[in-house]
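[1] Sequence plus the predicted model coming up.
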Amino acid sequence: MAPRTGTAERSATARMVLLTLAAGQFLMALDSSVMNVSIATVAEDVGTTVTGIQGAITAYTLVMAMFMIPGGKVGALIGRKPAFMIGCVIYGCGSLTTALAPNLAVLLVGWSFLEGVGAALILPAIVALVASNFATERRPAAYGLVAAAGAVAIAVGPIIGGVATTYFSWRWVFVGEVVMVLGILVLAGRVADAPVGERSRIDLIGAVLSALGLGVFVYGVLRSDEWGWFQPKPDAPSWLGVSLVVWLMLAGLLLIWLFLRWEARMVERRREPLIDPGMLHNKQLTGGLTMFFFQYLVQMGVFFVVPLYLSVALGLSALTTGVRILPLSVTLLAAAILIPRYFPDVSPRRVVRLGILALLAGAVVLMAALDLDAGGEIVTIPLLLIGLGMGALASQLGSVTVSAVPEARSAEVGGVQNAVTNLGASIGTALAGSIMIAALTASFLTNVEQNPAVPAEVKSQATVELQSGVPFLSDAQLKSALDEVGTSTEVTQAALDANADARIDGLRAALAILAFTALLALFFTSRIPKTQPRSKEP
């Protein structure tokens, strides 16, 4: 009976460890989606504008991007478990500060800075702790469930935020995060840490270069919707006639190149680098990182487009919108858990390719289903397909990247992996938004131009005033705006009709670019191994 009892105890411990790490991933992802439905309410409560709250969200993304690689190295130096727990404490302090924030300045300190720094310590540590707590053959399932927890958080975030804001207060969301952090810290006692090698000083110059490079690049991407990708929008900053977005992205890439050159120099001098650039010559690692980039680009693009369709085009509440997105979580969890369980020796490359094809199919089906007369039910089948694809990728990619290097490097891989997913998520959201607004604008102005009910002077005025982009408005929002300026009934109806058509055209265009991106990802799958990887010994 003793061996069986010991096995049961190990199994219970493994489940507890997995629950702890999955809860950490859930919490990190939840913060990216839970407040999107409550921006206006938060802004009013802390005495600022919607732009101020959007700036706080942007700052949170920037802080995470900037400190992700140094955060991974901290875990390698002091231990993955201490880094995870310190990150949780910092994150919990940030959540408590946000819950009590009386104004935007305090909100920025709590939400944007403290939570961002905490996340930069937690996320790389999670990647490394899965590697140190689970045998190689069990890692695909563990990584799959952890990644699925993050994606589920993005899907249910609007529901949680909507319920809290509607029936209680948005502040209770952050109080709940504090409670969740306390629970994670209690459960973390069973998490085993990996042995820490020889401790050395952190590469401060490398940390500054990586933080500046990633921060400047991501900031440029996040400003693309407001400033324009290449051609500057009216009153947007530019240099040599080109949008500042281009120059920021180029500056970010230059700083990242300098960072990699500096790290190579550190290796040549036999000093401890922030990351070993030699890792990036590893075909399996770069293959996994590339797939992570494409997955998060498409994933976050979808999470941007679908809620817009449901909440703005159809006018559904935040709660109903969240419920409509839930089918994605079903197939995502099923694929992430069941593929490793029932097909433990399946080819990772085959699963990844099938996952990408499912993402592609979901985007195409949704694009074809969008129609003026369609209801919220049309997103169900596409989201089931997209969830299946996301779950398939989640079940393999974490194991692929970590198994490509010695386990001692797992924390560094975690930092690079999360930096790459951050880049993919930022670009996916910005790209989908930019393409959607561009198509929306073109369609709206074309419809107005072709409508005889709209006077010539109104057409001319609309072309001039809307050249920087048509906002994605509901019929109620547009009608209210038109009523304020006193347009005629004929012009109002023409604008409403044009807006309805343009919204669908914009959403289809965004989905088309996401489908194209998924198709492009297939050309990079050859770097994913055909057989289940095994850990490399130092």
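    Cool, the structure landed. As the structure is a prediction and not an experimental result, all values here were calculated from the model.
[2] tally of neighbours for the closest residue to Leu244 other than its chain neighbours?
    Leaving aside its chain neighbours, Leu244 sits nearest to Pro237 (4.3 Å; criterion: CB to CB, 6 or more residues apart in numbering). Glycine gets a C-beta too; all of them are placed from N, C-alpha and C. Look at Pro237: counted by other CB atoms under 10 Å, it has 14 neighbours.
[3] go on, Glu263?
    24.
[4] Equivalent analysis for Gly47, please.
    10.
[5] Okay, the nearest residue to it once chain neighbours are set aside and Phe168: tell me how far apart.
    Closest residue in space to Gly47, ignoring its immediate chain neighbours: Asn103 at 5.8 Å, by CB to CB, 6+ apart. Using CB to CB, to the nearest Å, one obtains 21 Å as the distance from Asn103 to Phe168.
[6] how close does Leu145 sit to Ser426?
    From Leu145 to Ser426 the distance is 25 Å (CB to CB).
[7] if we can go back for a sec, pop out the phi and psi values for the residue nearest to Gly47.
    The phi and psi values for Asn103, taken as degrees, to the nearest 10, are phi -150, psi 180.
[8] That one against Val46, yeah?
    Yes - the pair formed by Asn103 and Val46 meets the contact definition of CB atoms under 8 Å, at 5.4 Å.
[9] So which of those two has more stuff around it?
    Val46 (20 against 12).
[10] ok, the more buried one - contacts?
    Ile53, Ala101, Pro102, Asn103, Leu104, Val106, Leu107 (CB atoms under 8 Å, 6 or more residues apart in numbering).
[11] Quick one, which of those residues are buried?
    Among the contacts of Val46, those buried by neighbour count (16 or more other CB atoms under 10 Å) are Ile53, Ala101, Leu104, Leu107.
[12] Include pLDDT when you put these into a markdown table, please.
    Listed next are the buried ones among the contacts of Val46 as a markdown table, based on pLDDT from 0 to 100:
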| residue | pLDDT |
| --- | --- |
| Ile53 | 70 |
| Ala101 | 85 |
| Leu104 | 85 |
| Leu107 | 86 |
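[13] which two from these end up farthest apart in space?
    Greatest spatial distance in those: Ile53 and Ala101, 11.1 Å, computed using CB to CB.
[14] And the pLDDT for the residue nearest in space to the middle of the chain?
    Most central in the chain under CA atoms, centre = their mean is Ala425, positioned 4.0 Å from the mean C-alpha point. Note on Ala425: pLDDT of 81.
[15] a helix runs through it, doesn't it?
    Yes - under DSSP: H, G, I helix; E, B strand; the rest coil, Ala425 falls within a helix.
[16] In contact with it, which residues?
    Applying CB under 8 Å, 6+ apart, the residues contacting Ala425 are Ser32, Tyr296, Leu297, Gln299, Met300.
[17] What is the nearest of those to Ser526?
    Distances from Ser526 to the contacts of Ala425, taken as CB to CB, are shortest for Leu297 (19.1 Å).
[18] now the helix or strand that closest one falls within: how far from the chain's centre is it?
    Per DSSP states H and E: Leu297 is located in helix 283-308. Taking CA atoms, centre = their mean, to the nearest Å, one finds helix 283-308 lying 8 Å from the centre of the chain it belongs to.
[19] Likewise for stretch 272-279?
    Distance, centroid of stretch 272-279 to centroid of chain: 25 Å (CA atoms, centre = their mean).
[20] where in the stretch 401-538 of the chain is pLDDT low?
    407-408, 447-488, 491-492, 495, 533-538 (pLDDT under 70).
[21] And the strands in the chain, which stretches?
    For the chain, strands defined by DSSP state E occupy the ranges 238-239, 242-243.
[22] quick one, which of these is nearest to Arg138?
    Among those, strand 242-243 sits nearest to Arg138 (CB to CB), with 47.8 Å.
[23] Residues in contact with that closest one: which ones?
    Residues contacting strand 242-243 (CB under 8 Å, 6+ apart): Ser224, Trp227, Gly228, Trp229, Phe230, Gln231, Pro232, Lys233, Ala236, Pro237.
[24] 6 Å - rerun?
    Strand 242-243 is contacted by residues Trp227, Gly228, Phe230, Pro232 when judged by CB atoms under 6 Å, 6 or more residues apart in numbering.
[25] Now the second one: phi and psi?
    By that I understand Gly228. According to degrees, to the nearest 10, Gly228 has phi 100, psi 140.
[26] got a list of what it touches?
    So Gly228 contacts Ala236, Ser243 (CB under 6 Å, 6+ apart).
[27] Kindly report the same for the first one.
    With CB under 6 Å, 6+ apart as the criterion, the residues that contact Trp227 are Ala236, Ser243, Leu244, Val245.
[28] wait, which of the residues you listed is closest to Gly24?
    Out of the contacts of Trp227, the member with the shortest distance to Gly24 (by CB to CB) is Val245, at 33.1 Å.
[29] gap between the closest one and Met279?
    From Val245 to Met279 the distance is 30 Å (CB to CB).
[30] Neighbour count: these two, which is higher?
    The residue with more neighbours, out of Val245 and Met279, is Val245; 26 against 19, by other CB under 10 Å.
[31] was I right about the more buried one contacting Asp225?
    No - taking CB atoms under 6 Å as the definition, Val245 is not a contact partner of Asp225, at 9.4 Å.
[32] ok, so what distance separates the residue nearest to the centre of the chain from Leu187?
    Per CB to CB, Ala425 is found 27 Å from Leu187.
[33] For the stretch 201-350 of the chain, just list every one of the helices.
    Using DSSP state H, counting those that start in this stretch, the helices of the stretch 201-350 of the chain run over 204-222, 224-227, 244-268, 283-308, 318-325, 327-342, 348-369.
[34] Around Arg341, count how many other residues there are.
    Count around Arg341 with other CB under 10 Å applied: 11.
[35] actually Val186, not the one I wrote
    10.
[36] now Val312
    Neighbour number of Val312 under other CB under 10 Å is 18.
[37] do you know how far it is from Ala101?
    From Val312 across to Ala101, the span is 28 Å (CB to CB).
[38] pLDDT below threshold where in the stretch 201-350 of the chain?
    318.
[39] rewinding a little: redo the helices of the stretch 201-350 of the chain as CSV? Include distance to Gly161.
    Output for the helices of the stretch 201-350 of the chain, formatted as CSV (distance: least, CB to CB, whole Å):
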stretch, distance to Gly161
helix 204-222, 21
helix 224-227, 22
helix 244-268, 29
helix 283-308, 11
helix 318-325, 7
helix 327-342, 16
helix 348-369, 23
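[40] quick one, which of these is packed in tightest?
    Highest mean neighbour count among the helices of the stretch 201-350 of the chain (mean count of other CB atoms under 10 Å): helix 283-308, with a mean of 24.
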